[in-house]
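[1] I would like to see how this sequence folds:
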Amino acid sequence: MTDINYNLEDDIYRLLMKEPFFAALSRHINKSANKSIPTAGVRVTADGRFELVYNPAFLSRLPDEQRRGILKHEFYHLILEHCHLRSPDGKKISKRWNYATDLSINCNLKGELPDGCLMPEKFGYPDFQTAEWYYRKLEQDGKGGDDNKCNGQHDKGEGEGGGTPCDCGNFDSHDGWGEGADVPQEVKDLARERLRESVKDAAQQSAGKTSGWGSVSGETKKAIMRFVNGTVDWRAVLRQFVGQAQKAETINTVKRINKRYPYIHAGKKALRHANIAISIDQSGSVSDELLGLFYAELDKLSTMASFTVVPFDCQVAPDNLIYQWKKGKRHPMQRVLSGGTNFDAPTKWVNERKFDGHIILTDMEAPKPMPSKCRRMWMTDINSFESMPFKTNERVIVIKKMQR
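    Next up, the predicted model:
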């Protein structure tokens with residue numbers, strides 16, 4: 001019998017007992033019950049976060065082990081980057097790519113999923129290959145094409161009764177992945193960097209426990225660590241930092257249309273705009289190239305937020321050189337100071353005022369500063385990062401040259 005009062009958190013709690021890594025990761029993922037989808041799936045939200053969406057009726061009628069298997073299946077899609085990788089055939093929705101991603105996951109979950117779910121042996125393929133490997137094999141063998149299109153959305157049993165795996169074997173929704181998602185690329189990049197931090201946190205928690213990784217295989221651990229230690233998109237991180245502060249205070253309002261659920265849920269309205277300080281090291285050791293890269297990104301950020309630019313070297317610039325970079329405006333790169341470097345100067349200036357976040361662009365060539373009263377982040381180049389004169393638990397992002 002279907003239990004309309006199904007509580008996902010009960011399954012998350014039981015997952016914690018046997019699968020600490022997945023349980024730790026789940027704490028960073030939004031969950032949303034939605035009877036309009038037949039089964040379950042993961043997607044990027046409009047504010048740059050990953051969300052697990054599930055039909056409570058579908059999950060409630062499954063055995064405990066299969067429910068937990070489905071949760072792990074969805075989390076595997078996240079940690080193996082299936083949600084933000086483009087389908088190899090370049091299509092927005094590719095049945096073959098959907099097959100390949102499920103094949104790479106389900107061989108880790110044998111006996112834990114509903115009957116009929118895709119398994120490599122169905123196609124005569126070995127277990128534990130990457131989604132790209134399965135995709136190439138399916139393509140070579142002419143299998144999993146788009147002649148009978150399926151993108152994880154099923155017609156069988158939609159609504160309050162939930163769905164079932166269709167004949168193709170895809171039981172979950174892959175709607176909203178890759179280029180098919182109705183979400184700007186910068187929002188997807190933001191979600192990816194947030195996910196990277198969440199996976200890193202879950203991996204660190206798991207590493208210190210005897211059974212912290214649970215059923216995660218050795219090869220999957222390697223894939224997880226490749227994702228965690230991979231190249232960070234510093235532009236996405238910068239957008240993330242500003243975006244988080246930008247959500248400082250919001251309220252629900254029926255006067256604003258909800259973009260994802262128009263005329264169903266209320267929209268959001270900001271009560272105030274976040275106040276971000278961006279201190280730019282003007283000392284002579286900071287290169288024009290580094291300044292140019294940062295100013296270029298600030299120019300892009302100005303399309304989504306306003307912020308205060310604070311030039312400094314061994315002291316903060318005079319008031320007439322500190323300015324508000326208004327949303328939608330442009331400012332050329334400029335160097336107005338050229339002395340030494342003292343991080344206490346901009347930190348003290350920001351601490352004496354009300355700011356929600358503080359970003360410092362610098363070559364790091366100065367002693368560790370006083371504590372910051374608001375969240376602080378550092379941005380520098382690779383050489384400066386590798387020769388930092390002090391250690392910090394605050395985030396330090398390496399700015400890399402644009403690839404041409």
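[2] contacts, neighbours, all on C-alpha from now
    Fine.
[3] show me where the stretch 1-150 of the chain has its strands.
    30-33, 40-44, 50-54 (DSSP state E, counting those that start in this stretch).
[4] could you say which of the ones you listed is packed most deeply?
    Stretch with highest mean neighbour count among the strands of the stretch 1-150 of the chain: strand 40-44 (a mean of 25; mean count of other C-alpha atoms under 10 Å).
[5] which strands and helices sit next to it?
    With contacts taken as 3 or more C-alpha pairs under 8 Å, 6 or more residues apart in numbering; DSSP states H and E, strand 40-44 sits against strand 50-54, helix 64-79.
[6] would you reformat the strands of the stretch 1-150 of the chain as JSON lines and include distance to Pro184?
    Output for the strands of the stretch 1-150 of the chain, formatted as JSON lines (distance: least, C-alpha to C-alpha, whole Å):
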{"stretch": "strand 30-33", "distance to Pro184": "19"}
{"stretch": "strand 40-44", "distance to Pro184": "10"}
{"stretch": "strand 50-54", "distance to Pro184": "14"}
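[7] can I get the ones you listed in JSON lines including mean pLDDT and distance to His73?
    Output for the strands of the stretch 1-150 of the chain, formatted as JSON lines (pLDDT from 0 to 100; distance: least, C-alpha to C-alpha, whole Å):
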{"stretch": "strand 30-33", "mean pLDDT": "90", "distance to His73": "15"}
{"stretch": "strand 40-44", "mean pLDDT": "89", "distance to His73": "9"}
{"stretch": "strand 50-54", "mean pLDDT": "91", "distance to His73": "11"}
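[8] of all those strands, which one is nearest Lys143?
    strand 40-44 (23.5 Å; C-alpha to C-alpha).
[9] do I have it right that Gln240 meets Leu190?
    Yes. In this structure, Gln240 is within contact of Leu190 by C-alpha atoms under 8 Å, at 5.7 Å.
[10] more neighbours: which of the two?
    Legend: neighbour count by other C-alpha atoms under 10 Å for Gln240 and Leu190, higher for Leu190 (26 against 21).
[11] for the more buried one, give me its contacts.
    48-49, 236-237, 239-240 (C-alpha atoms under 8 Å, 6 or more residues apart in numbering).
[12] output these in CSV, with distance to Arg353 and pLDDT appended to each entry.
    Output for the contacts of Leu190, formatted as CSV (distance: C-alpha to C-alpha, whole Å; pLDDT from 0 to 100):
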residue, distance to Arg353, pLDDT
Gly48, 29, 78
Arg49, 30, 84
Ala236, 27, 70
Val237, 24, 72
Arg239, 22, 70
Gln240, 22, 71
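[13] hang on, the earlier thing: of all the strands of the stretch 1-150 of the chain, which one is nearest Arg96?
    Closest among these, using C-alpha to C-alpha: strand 40-44, at 17.4 Å.
[14] now the angle from that closest one to helix 64-79?
    20 degrees (axes from the mean of the first three to the mean of the last three C-alpha atoms, to 10 degrees).
[15] between strand 50-54 and strand 40-44, find me the angle.
    Using the same axes, to 10 degrees, strand 40-44 lies at 160 degrees relative to strand 50-54.
[16] low-confidence ranges, the stretch 1-150 of the chain, go.
    The model of the stretch 1-150 of the chain has pLDDT under 70 over residues 1-4, 16, 84-93, 145-150.
[17] show me where it has helices.
    Assigned by DSSP state H, counting those that start in this stretch, the helices in the stretch 1-150 of the chain fall at 8-18, 20-26, 56-60, 64-79, 95-106, 131-140.
[18] out of those helices, nearest to Met370?
    Nearest of the helices of the stretch 1-150 of the chain (C-alpha to C-alpha): helix 20-26, 32.4 Å.
[19] give me the buried positions along stretch 347-355.
    347-348, 350, 355 (16 or more other C-alpha atoms under 10 Å).
[20] that one spans what distance, first to last residue?
    11 Å (C-alpha to C-alpha, to the nearest Å).
[21] okay, now the domains of the protein?
    The chain breaks down by automatic domain parsing into domains covering 8-230, 236-398.
[22] from the ones you listed, which stretch is densest packed?
    Counting by mean count of other C-alpha under 10 Å, domain 8-230 has the highest mean neighbour count of the domains of the chain, with a mean of 19.
[23] Serialize the helices of the stretch 1-150 of the chain to CSV and add fields for distance to Ser306.
    Listed next are these as CSV, based on distance: least, C-alpha to C-alpha, whole Å:
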stretch, distance to Ser306
helix 8-18, 39
helix 20-26, 33
helix 56-60, 41
helix 64-79, 32
helix 95-106, 40
helix 131-140, 41
